[in-house]
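Novice: Predicted model and sequence follow; I will ask about them next.
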Amino acid sequence: QGVSRRRQAITWIPERDLFVKEDQPCLQRLWVRALGDGNAEMHCMWRSRDLFAAWNSNMVGLLTMIKREVLEPNELTLVKVVDFCNSLHIYEADWEAASSVKPLPRSPQMMRY
């Protein structure tokens, strides 16, 4: 039935997730908004996120799913992604490997706010 600002995916189940010590969903909320002219944006809200070992695969998986399930059926093009994390971290066991990653040079586009 198309894309609506009212539609969102929420992974948190309070009656269960408030009472377990492990395996609460890291991805809390996913929202895709049609902007008009065939464009859309996606907002992701994360409770906790592993920057080194999970961030890239999380984004590839989400974008692939959203393209297949939402964008293509509604003839939309994704033009913006808002990715919010309450707790973005690198685990101690990954710190050495993560510190060897070389940063990309800053482009003029990245310097604008």
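Specialist: Received the coordinates, thanks. Numbers count the residues shown, from 1 in each chain.
Novice: can you pull out the strands in the chain?
Specialist: 9-10, 27-36, 39-46, 49-50, 77-85, 88-89 (DSSP state E).
Novice: For the residue nearest to Arg49 when sequence neighbours are not counted, list the residues it contacts.
Specialist: Leaving aside its sequence neighbours, Arg49 sits nearest to Cys85 (Cβ to Cβ, 6 or more residues apart in numbering; 4.4 Å). Placement of C-beta: from N, CA and C, glycine included. Neighbouring residues of Cys85 by Cβ atoms under 8 Å, 6 or more residues apart in numbering: Trp46, Ser48, Arg49.
Novice: who does Cys85 bridge with?
Specialist: Legend: beta-bridge partners of Cys85 under DSSP bridges are Trp46.
Novice: Give me the buried entries from the contacts of Cys85.
Specialist: Trp46, Arg49 (16 or more other Cβ atoms under 10 Å).
Novice: between the contacts of Cys85, which is nearest Gln24?
Specialist: Distance to Gln24, by Cβ to Cβ, is smallest for Ser48 among those, at 8.3 Å.
Novice: measure that closest one to Leu62 for me?
Specialist: Going from Ser48 to Leu62 by Cβ to Cβ, to the nearest Å gives 16 Å.
Novice: re the thing from before, put together a markdown table for the strands of the chain, with distance to Ala97 and mean pLDDT on each row.
Specialist: Converted to a markdown table, these look like this (distance: least, Cβ to Cβ, whole Å; pLDDT from 0 to 100):
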| stretch | distance to Ala97 | mean pLDDT |
| --- | --- | --- |
| strand 9-10 | 32 | 90 |
| strand 27-36 | 24 | 92 |
| strand 39-46 | 22 | 95 |
| strand 49-50 | 12 | 93 |
| strand 77-85 | 20 | 94 |
| strand 88-89 | 14 | 94 |
